[in-house]
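*Asks:* Here is my input, please return the structure:
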Amino acid sequence: MTHPGRNDPCPCGSGKKHKHCCLKRGQSSIPVPGGSSPSLPAANQRPAVPLENTLYKIYEKEADSFRWFESLDAESLRRLLLYSWYTMLWNPANFELSLQKFYGHVIDGPNVVRFIQLLKRRHAYCETYAWAIPSPEAIDTLVKHSPLIEAGAGRGYWAALAAAQGADIIAFDPIPPDRDGANSWHRQPGMFFNVIRADLDIISRHPDRTLFLCWPPFNSDVALRALRAYKGQTVIYVGDEGRDAGTPQFYAELATGFTRIQVVDIPRWPGIDDRLEVWRRR
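*Replies:* Here you go, the predicted structure:
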């Protein structure tokens, strides 16, 4: 995944360059369709419980665009992605209008525009909240397997939702985003939960807890090292087989040492095939 540069279009969808918009303001302000723009809690400040699942509400508001994308056949999807790439190269300043003119006669033009706008906002949503969308069933699954220890918790969004429902969870990250620019996946400071600063070796001290991994960094050995450090019985993993989260080696080692006992579907960003999986040691 790439982060917008100073001269890239701002991910908030304003049409301005990133340096003249949210980067200049020093905030992650994201327009929510039909609602106000949420802002991050202050650094080191945990919001009052219960915490609303804002990311899931965003998904519900965007559900028509999600369903439209999922309904496309393989050829339509190929054309959409190909034409999107061409249009971005030719005229990125008027991307949506150019794409609709170029592609709208093939498939529903307005839906094409909404879909592209959703893709542009996805990065900002993920950076502000979490890289996977927690559904109520997913949070209930975490509570069921409490106590937990979450590695690479980021802002602690999933941990906060689980704790609000009664889960006993320790959330840690080697670099919590409690300072500006400290964490490359969540660059603006702000926390939803008390995420402690710790390295992966803390996992070995909690074999009594379920290990929770939510979207470990792509093409990084973090998830694999966390798995090898874990001495307990149960792993909950949110991601895919290593295409966008973690690595194929991590997923293969997980499947070798553990048995998958449950799969929970979660809302998926267009083109992302993630879900929550519960694994039990063989």
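
*Asks:* For the rest of this, base every contact and every neighbour count on C-alpha atoms.
*Replies:* Will do.

*Asks:* What is the linear distance spanned by stretch 170-180 between its boundary residues?
*Replies:* End-to-end distance for stretch 170-180, by Cα to Cα, to the nearest Å: 23 Å.

*Asks:* Show me which residues of it are buried.
*Replies:* 170-179 (16 or more other Cα atoms under 10 Å).

*Asks:* So what touches it?
*Replies:* Here stretch 170-180 makes contact (Cα atoms under 8 Å, 6 or more residues apart in numbering) with 43-44, 148-156, 159, 182-183, 186-191, 194-200.

*Asks:* now swap in stretch 126-141 and tell me
*Replies:* For stretch 126-141, using Cα under 8 Å, 6+ apart, the contacting residues are 28, 40, 53, 55-56, 59, 154-155, 157-158, 161-162, 165, 185-187, 214-215, 238-239, 264-268, 274, 276.

*Asks:* Mark which of these are buried, thanks.
*Replies:* For the contacts of stretch 126-141, buried by 16+ other Cα under 10 Å: 28, 40, 53, 55-56, 59, 154-155, 157-158, 161-162, 165, 185-187, 214-215, 238-239, 266-268, 274, 276.

*Asks:* Of the buried residues of stretch 170-180, which belong to helices?
*Replies:* Taking DSSP state H, every one of the buried residues of stretch 170-180 sits outside helices.

*Asks:* which of these lies closest to Gln117?
*Replies:* Distance to Gln117, by Cα to Cα, is smallest for Pro177 among the buried residues of stretch 170-180, at 26.4 Å.

*Asks:* returning to that earlier point: keep only those of the contacts of stretch 170-180 that are in strands.
*Replies:* Residues of the contacts of stretch 170-180 located in strands (DSSP state E): 148-151, 196-197.

*Asks:* Please, a PyMOL command that selects the buried ones among these?
*Replies:* Remark: buried members of the ones in strands among the contacts of stretch 170-180, expressed as a PyMOL selection using 16+ other Cα under 10 Å:
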select buried, resi 148+149+150+151+196
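
*Asks:* Dump the ones in strands among the contacts of stretch 170-180 to JSON lines, plus pLDDT.
*Replies:* Shown next, in JSON lines, are these (pLDDT from 0 to 100):
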{"residue": "Leu148", "pLDDT": "97"}
{"residue": "Ile149", "pLDDT": "97"}
{"residue": "Glu150", "pLDDT": "98"}
{"residue": "Ala151", "pLDDT": "97"}
{"residue": "Ile196", "pLDDT": "93"}
{"residue": "Arg197", "pLDDT": "93"}
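
*Asks:* farthest-separated two in the ones in strands among the contacts of stretch 170-180?
*Replies:* Taking Cα to Cα, no two of the ones in strands among the contacts of stretch 170-180 sit farther apart than Leu148 and Arg197, at 16.4 Å.

*Asks:* coming back round to it: among the buried ones among the contacts of stretch 126-141, which ones are in helices?
*Replies:* Counting by DSSP H, these place 55-56, 59, 157-158, 161-162 in helices.

*Asks:* Now do Ile266 against Asp208, distance only.
*Replies:* Ile266 sits 26 Å away from Asp208, going by Cα to Cα.

*Asks:* hang on, the earlier thing: quick check, nearest of the ones in helices among the buried ones among the contacts of stretch 126-141 to Gly232?
*Replies:* Ala162 (20.0 Å).

*Asks:* Can you get me a residue count around the spatially closest residue to the closest one that is not a sequence neighbour?
*Replies:* Closest residue in space to Ala162, ignoring its immediate chain neighbours: Ile139 at 5.6 Å, by Cα to Cα, 6 or more residues apart in numbering. Residues within reach of Ile139, counting by other Cα atoms under 10 Å, total 20.
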